[in-house]
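1. pasting the sequence and the predicted model now:
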Amino acid sequence: MKSDVETIRDVVLRERRLAVSDREWKHRLRGYGYGIRESAQGAYVTSVLRGTDLCALAG
């Protein structure tokens with residue numbers, strides 16, 4: 001059984017494969033309530049509603 005983090009990461013990466021640009025990808029993610037935050041440590045999936053990090057995008 002997949003953890004919540006694995007499920008979120010799978011959705012985010014699947015949507016990236018389907019999108020033709022970063023802008024479209026981020027727009028598609030907003031429909032799920034997710035966003036992407038870039039930092040010096042890497043990219044993080046965030047909750048649009050809570051404004052909190054949910055998981056690191058890679059690894």
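-> It's in. Numbers count the residues shown, from 1 in each chain.

2. and the longest helix anywhere in the chain, what does it pack against?
-> In the chain, taking DSSP state H as the definition, the longest helix is helix 4-18. Judged by 3 or more Cβ pairs under 8 Å, 6 or more residues apart in numbering; DSSP states H and E, helix 4-18 is in contact with helix 22-32, strand 34-39, strand 42-47, strand 53-56. Every C-beta, even on glycine, is put in place using the N, C-alpha and C of the backbone.

3. and these as CSV, adding distance to Val11?
-> Formatted as CSV, these follow (distance: least, Cβ to Cβ, whole Å):
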stretch, distance to Val11
helix 22-32, 6
strand 34-39, 8
strand 42-47, 9
strand 53-56, 11
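
4. so for Glu15, which of those sits nearest?
-> Glu15 lies closest, by Cβ to Cβ, to one member of the helices and strands packed on helix 4-18: helix 22-32, at 4.7 Å.

5. quick one: list the elements packing against the closest one.
-> Contact partners of helix 22-32 among helices and strands, from 3+ Cβ pairs under 8 Å, 6+ apart: helix 4-18, strand 34-39.

6. what sits up against it?
-> Residues from elsewhere that reach helix 22-32, judged by Cβ atoms under 8 Å, 6 or more residues apart in numbering: Val11, Val12, Glu15, Arg16, Leu18, Ala19, Gly35, Ile36, Val45, Val48.

7. right, I'll leave it there.
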